[in-house]
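**Q** Fold the following, please.
(one chain, ligands or ions: 2)
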Amino acid sequence: METQVIQIDEKHMEQRLLKQAGSIIKAGGLVAFPTETVYGLGGDALNPESSRKIYAAKGRPSDNPLIVHIAKLEDLQPIVKEIPETAQKLADAFWPGPLTMIFEKSDRVPYETTGGLNTVAVRMPVHPVALAFIEEAGGYVAAPSANRSGRPSPTSAKYVEEDMQGRIEMIIDGGDVEIGLESTIVDMTVEEPMILRPGYITKEMLEKVLKSVGEDKTMMSDTSGQAPKAPGMKYRHYAPKGDLTIIDGEAEKVIEYINNQVPSLQKQGYKVGIIGTDATIARYRGDVCKSAGNRMDETTIAKELYRILREFDDEEVTIIFSESFDTAGIGQAIMNRLLKAAGHKILHI
Ligand code: AMP
Ligand code: MG
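**A** Numbering: from 1, shown residues only. Ligands and ions are numbered 1, 2, ... in the order given. So this is what the prediction gives:
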């Protein structure tokens, strides 16, 4: 299959191109598109055949459900059994935006889309290109991240091309994404809404709207013994090719520890990559040293993390050390993804 790449600028959206992309979805094809979180791999959420194609293109296990993307609130009711009051409040506060909510599904949503579950995950993204494309596609676009399974989620169209060239009909290039980490997922089917995956919308933000919000306990720990509530969280996502260890401790000690490891690893033939921050990066002695951003503004780190992990793959780094991050605010989502990438290898020094 020839994958067509088109450019759509959010400031001057060309209706003709959006129509073309939408008609591919309506005909049962796949189109990758930009959102504010990461690029999505879209198919018609109400067409079981489209969902099967998404799993095949990603190489993703079919028990790992997809998120259904909508463009307007009226489109929520037909695909869910009920909209709890708590969900209405969160939708008012955070939609369109990087929040995914889990509902009991209605009969209109095929089990192929929900990985066999009776619940459905729904999100209304805020990216103007995503919203316009979803409208043109018929209103319901199932979309996981547009990476091959096990690779970091793509934060620009060039990474979608790397993974999806020849596997899907079209890629909409809308530039670099804004946030860089996947949406916050909250289960709305339980008495106390529960965060299943941390993201840009934090527990503190949610608790400004709802009295209390729980957290899936497996979120920040090694889940090998327990089943996480979001099926996708059990897979070793976001894995770089190099062996990644997070080094947690006081900054000076971390720098010293990592630099001390480098010479002997290099002698053994390893190529060493290091993930630091703007304040520390110049002091590292690895083969490839990359700053993830500025600790004073962790949104910069969220935005760069996946790009850095992909670049280490391209540069064939075989051992990676990363600094650790605070688990407050967006830092919790950063650490959740980094811990997964590291297979939970973290050294406290
Ligand atoms: P992705 O968009 O690639 O991040 O994948 C979507 C993720 O949403 C999956 O990995 C699941 O963990 C989660 N998810 C989707 N639907 C459900 C659901 N019905 N219940 C719990 N988690 C879900
Ligand atoms: Mg994903």
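**Q** Around the closest residue to D176 other than its chain neighbours, count how many other residues there are.
**A** The spatially closest residue to D176, leaving aside those adjacent along the chain, is S156, at 4.8 Å (CB to CB, 6 or more residues apart in numbering). For glycine as for every other residue, the C-beta is placed from the backbone atoms N, C-alpha and C. Using other CB atoms under 10 Å, S156 has 19 neighbouring residues.
**Q** residues contacting S156?
**A** By CB atoms under 8 Å, 6 or more residues apart in numbering, S156 lies in contact with Y39, G175, D176, V177, R307.
**Q** Put together JSON lines for those, with pLDDT on each row.
**A** Below are the contacts of S156 laid out as JSON lines (pLDDT from 0 to 100):
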{"residue": "Y39", "pLDDT": "98"}
{"residue": "G175", "pLDDT": "97"}
{"residue": "D176", "pLDDT": "97"}
{"residue": "V177", "pLDDT": "97"}
{"residue": "R307", "pLDDT": "96"}
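**Q** What is the nearest of these to ligand 1?
**A** Y39 (10.3 Å; CB to the nearest ligand atom).
**Q** wait, doesn't the closest one sit right on S153?
**A** Yes. Between Y39 and S153 there is a contact under CB atoms under 8 Å: 7.4 Å.
**Q** neighbour-wise, which of those two wins?
**A** Y39 (29 against 26).
**Q** and the more buried one, what is it in contact with?
**A** So Y39 contacts A32, F33, S145, A146, S153, P154, T155, S156, A157, Y159, V160, V177 (CB under 8 Å, 6+ apart).
**Q** and ligand 1, which of those reach it?
**A** Counting by CB under 6 Å from any ligand atom, S145 from the contacts of Y39 sit close to ligand 1.
**Q** Go through the contacts of Y39 and flag which are in helices.
**A** Assigned to helices by DSSP state H, the following of those qualify: A157, Y159, V160.
**Q** Scan those residues and report the most crowded one.
**A** Neighbour counts for the ones in helices among the contacts of Y39 (other CB under 10 Å) peak at V160, which has 28 neighbours.
**Q** Run through the residues of the stretch 101-250 of the chain sitting next to ligand 1.
**A** 102, 114, 117, 119-121, 144-145, 182, 185, 196, 230-233.
**Q** repeat that for 5 Å
**A** I102, L117, T119, A121, P144, S145, E182, A230, P231, G232 (CB under 5 Å from any ligand atom).
**Q** Show me which of the residues you listed is closest to E252.
**A** Nearest to E252 among these: E182, at 33.2 Å, using CB to CB.
**Q** where in the stretch 101-250 of the chain is pLDDT low?
**A** Where the stretch 101-250 of the chain drops to pLDDT under 70, the residues are 223-228, 231-237.
**Q** please redo it, this time with the cut-off set to 80
**A** Applying pLDDT under 80 to the stretch 101-250 of the chain flags the ranges 220-239.
**Q** re the thing from before, so which pair among the contacts of S156 is furthest apart in space?
**A** G175 and R307 (13.4 Å).
**Q** Who has more neighbours out of the two?
**A** R307 (19 against 14).
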